[in-house]
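S.K.: this is a predicted model, with the sequence first.
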Amino acid sequence: MANKEAVKRYRHEYYLKHKKDSSLQSQEWYTNHLDGKKLSSRKERRARKDEWYTYFKEIGKNKCFICGYQKCWAAIDFHHINPEEKDIGIAKLIDRRMTREYQKELEKCIPLCRNCHSELHRRLYLERTKQTEWQMI
Ligand SMILES: [Zn+2]
Ligand SMILES: [Zn+2]
């Protein structure tokens with residue numbers, strides 16, 4: 001614990017001491033050593049995400065199909081209407097380049113927020129097993 005504190009203090013002091021030139025240095029370092037590679041790939045990823053989001057909006061799949069939730073993308077999944085097929089994690093999807101195949105896959109899915117998605121799967125399970133739900137109230 002004490003050691004951790006010391007490291008933290010050291011880092012802070014180091015940061016204060018080198019604050020001015022480290023920002024310059026890193027910028028130079030990026031241009032010289034990475035040849036803009038890392039920066040452009042980050043940019044590319046960002047562009048890819050934007051492309052996906054625009055597409056979701058275009059096809060009206062930018063919010064939860066059941067409750068309309070659209071606050072945070074991390075809480076949205078694509079639920080496959082065919083239960084045999086696996087759901088798509090949106091986080092994984094938007095990291096990939098958009099292809100016709102993915103677009104076709106999306107046609108078979110509806111966007112659901114985590115709450116509605118869990119409820120739906122629970123309801124499907126209960127129907128399948130012919131059980132009734134216990135209430136949380
Ligand atoms: Zn919902
Ligand atoms: Zn699902």
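M.R.: Cool, got the structure. Numbering: from 1, shown residues only. Ligands and ions are numbered 1, 2, ... in the order given.

S.K.: where do the strands of this protein begin and end?
M.R.: Remark: strands assigned in the chain by DSSP state E are 76-80, 88-89, 109-113.

S.K.: export these as TSV, with columns for mean pLDDT, distance to ligand 1 and mean neighbour count.
M.R.: (Each C-beta comes from the backbone N, C-alpha and C, glycine too.) Compiled in TSV, the strands of the chain are given as follows (pLDDT from 0 to 100; distance: least, Cβ to the ion, whole Å; neighbours: other Cβ atoms under 10 Å):
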stretch	mean pLDDT	distance to ligand 1	mean neighbour count
strand 76-80	93	8	21
strand 88-89	82	16	16
strand 109-113	95	3	21
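
S.K.: closest to ligand 2 out of those strands?
M.R.: strand 76-80 (3.4 Å; Cβ to the ion).

S.K.: include distance to G68 when you put the strands of the chain into JSON lines, please.
M.R.: Shown next, in JSON lines, are the strands of the chain (distance: least, Cβ to Cβ, whole Å):
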{"stretch": "strand 76-80", "distance to G68": "11"}
{"stretch": "strand 88-89", "distance to G68": "20"}
{"stretch": "strand 109-113", "distance to G68": "9"}
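
S.K.: so for M98, which of these sits nearest?
M.R.: Closest of the strands of the chain to M98 is strand 88-89, at 13.0 Å (criterion: Cβ to Cβ).

S.K.: which elements pack onto that closest one?
M.R.: Applying 3 or more Cβ pairs under 8 Å, 6 or more residues apart in numbering; DSSP states H and E, we find strand 88-89 packed against strand 76-80.

S.K.: in its sheet, which strands sit next to the strand it packs on, and in what direction?
M.R.: Here strand 76-80 has these sheet partners by DSSP bridges: strand 88-89 (antiparallel), strand 109-113 (antiparallel).
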